[in-house]
Each structure stands twice: as structure tokens, then as C-alpha cells.
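Colleague: model the structure of this input:
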Amino acid sequence: MMEDNVADALKMAADVLLFVVALTISISSFTQARITADTIFESTDPEYVQSYVEESDTTERIVGVESILPVISRSFKENYKIYFYLDRNRTNPMPLYTKKMADGTQQEINFIDLKRSDIVVFGNDSERQDFVMALLYGNKINTDYGKSFNQISQSFYKNSKITLNSEGLYDKIKNNRYIEYIGEYYQEDEVINNIENDSESPDANKTVKRIYTYALY
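Modeller: Numbering: from 1, shown residues only. The predicted structure follows:
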């Protein structure tokens with residue numbers, strides 16, 4: 001009888017131990033899942049960037065390609081303007097592509113702005129994605145993408161008189177560090193072609209545009 005009681009007690013102790021272990025694993029899994037979800041949220045949600053801009057003591061930091069690529073990716077849907085420079089003083093623009101202007105001159109463009117219809121015309125989101133992919137990877141676009149660099153390049157030259165560089169931006173910046181500057185302005189007040197467009201609309205009715213600048217460190 002006594003041996004049966006001991007056996008039952010050991011079984012109960014083993015059950016309790018298994019329960020505690022299972023509970024510990026579950027809590028650890030939920031915690032890890034929450035951390036992972038927060039990381040993904042912070043890397044994709046523009047509100048995270050908003051907090052960084054408004055709450056930090058400075059809007060300057062040293063970054064690499066791992067920080068720049070997500071900004072370019074978010075520009076696909078967000079109202080961002082992204083400048084690139086080859087020097088810290090931001091006096092030597094890094095040409096990303098060339099635009100044939102109305103007067104026939106060729107103008108090197110050192111910024112990405114998917115909302116500037118006077119620079120490049122997009123018929124749909126698919127064309128915006130084509131533009132970003134060609135800009136980033138040039139003639140090294142993965143063959144699985146479905147369109148070659150030549151196809152994309154010819155299409156944009158035909159529709160927007162844009163000449164894309166065969167060397168992608170990724171290869172140009174992947175081994176370098178950059179000073180990142182972040183700011184904001186009202187899109188309605190942007191100076192385009194040396195023409196100031198000071199809107200008389202209240203600020204509350206204007207469109208906020210975020211501007212990123214990357215200067216070679």
C-alpha cells in the first residue's frame with residue numbers, strides 16, 4: 001500500500017514538473033513572437049519613423065545599405081523624397097538616372113520621388129515597382145523578376161524620357177556608410193524648376209512630405 005502511495009506521488013510530481021516546463025516554454029514562445037512582431041512592425045510602419053523624427057534629439061545618424069533599402073522600399077507607398085550625395089557637405093550629387101527635359105537638355109537626377117509626375121509618369125503600382133527594382137539593381141535584376149532591365153529601361157525612356165543606369169544603386173552604396181538626415185516640408189510649398197509654389201491653404205490642409213538625405217560618410 002505504501003509503495004502504491006509513493007508511486008502515485010511520483011507520478012503527480014512528474015505531471016506537475018511537465019506542466020511547469022510546458023508553461024515556461026509557452027510563455028517564452030509568446031514573448032519571442034511578440035518581440036518578432038514588434039520588430040517587423042517597427043521596420044515597416046511609418047509611425048515608427050515618425051517617432052524617430054519627432055522624439056529623438058537629432059535627426060542625423062550614420063547608416064548603411066541595411067537601413068537605406070527599407071526607406072526606398074517604403075517610398076513605394078509613402079510620400080518620401082530621397083536624395084543621395086557623394087560628399088558630406090551635400091554639394092556633389094550622386095546621379096541616379098537621367099531625364100531628358102522639355103528643352104532637350106539632359107538633367108541628372110539625384111533623388112527618388114515617386115510622386116513627382118513632372119519627372120516620371122507611372123500608370124500603376126506595377127510600374128512604380130519596376131522603376132524601383134531597375135533603379136536598385138540595374139542590369140543585375142534577378143531573372144525571376146519577370147522583366148529584364150532592358151525592357152523596363154526602354155519603357156521608361158519611351159514614356160518619361162528617363163534613362164536608367166545599368167549599374168544599380170545597391171552596388172554603389174552597399175560597401176559605404178552614409179550620414180542620414182531626415183526632415184519634412186509641405187508638398188504644396190515645394191520649389192519645382194526654380195518656381196516657388198507658396199500655397200495659401202492652411203497648413204492643416206497641406207500634404208506633409210518626408211525628405212531623406214544620404215551623404216557619403
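Colleague: and residue 212, what element?
Modeller: If you go by DSSP states H and E, residue 212 is part of strand 208-216.
Colleague: what helices and strands are in contact with that strand?
Modeller: strand 80-85, strand 178-186 (3 or more Cβ pairs under 8 Å, 6 or more residues apart in numbering; DSSP states H and E). Every residue, glycine included, has its C-beta placed from N, CA and C.
Colleague: just name the most buried of those strands.
Modeller: Sort the helices and strands packed on strand 208-216 by mean neighbour count, taking mean count of other Cβ atoms under 10 Å, and strand 80-85 sits at the top with a mean of 20.
Colleague: who touches it?
Modeller: Outside of strand 80-85, the residues within contact range by Cβ atoms under 8 Å, 6 or more residues apart in numbering are 71-72, 74-75, 90-94, 96, 110-114, 169, 173, 209-216.
Colleague: what of stretch 137-156?
Modeller: Everything outside stretch 137-156 that qualifies as a contact, by Cβ under 8 Å, 6+ apart, is 120, 127, 130-131, 133-134, 162-171.
Colleague: tell me which stretches of the chain form strands.
Modeller: For the chain, the strands defined by DSSP state E occupy 60-63, 80-85, 97-100, 106-109, 111-112, 162-164, 178-186, 208-216.
Colleague: and these as CSV, adding distance to residue 148?
Modeller: Listed next are those as CSV, based on distance: least, Cβ to Cβ, whole Å:
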stretch, distance to residue 148
strand 60-63, 31
strand 80-85, 25
strand 97-100, 17
strand 106-109, 22
strand 111-112, 21
strand 162-164, 12
strand 178-186, 29
strand 208-216, 28
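Colleague: show me what contacts the nearest residue to residue 170 once chain neighbours are set aside?
Modeller: Distances taken as Cβ to Cβ, 6 or more residues apart in numbering put residue 136 closest to residue 170, at 5.0 Å, once the chain neighbours are dropped. Neighbour list for residue 136: 69, 72, 168-170 [criterion: Cβ under 8 Å, 6+ apart].
Colleague: redo those residues as a markdown table? Include pLDDT.
Modeller: Below are these laid out as a markdown table (pLDDT from 0 to 100):
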| residue | pLDDT |
| --- | --- |
| 69 | 93 |
| 72 | 92 |
| 168 | 96 |
| 169 | 96 |
| 170 | 95 |
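Colleague: give me the buried entries from those.
Modeller: Buried by 16 or more other Cβ atoms under 10 Å: 72, 168-170, out of the contacts of residue 136.
Colleague: just flag the most distant two among those.
Modeller: 72 and 168 (11.4 Å; Cβ to Cβ).
Colleague: so how far is residue 145 from residue 156?
Modeller: For residue 156, the distance to residue 145 equals 15 Å [Cβ to Cβ, to the nearest Å].
Colleague: compare those two and say which one has the larger neighbour count.
Modeller: More crowded of residue 156 and residue 145, by other Cβ atoms under 10 Å: residue 156, with 22 against 14.
Colleague: good, we can wrap up now.
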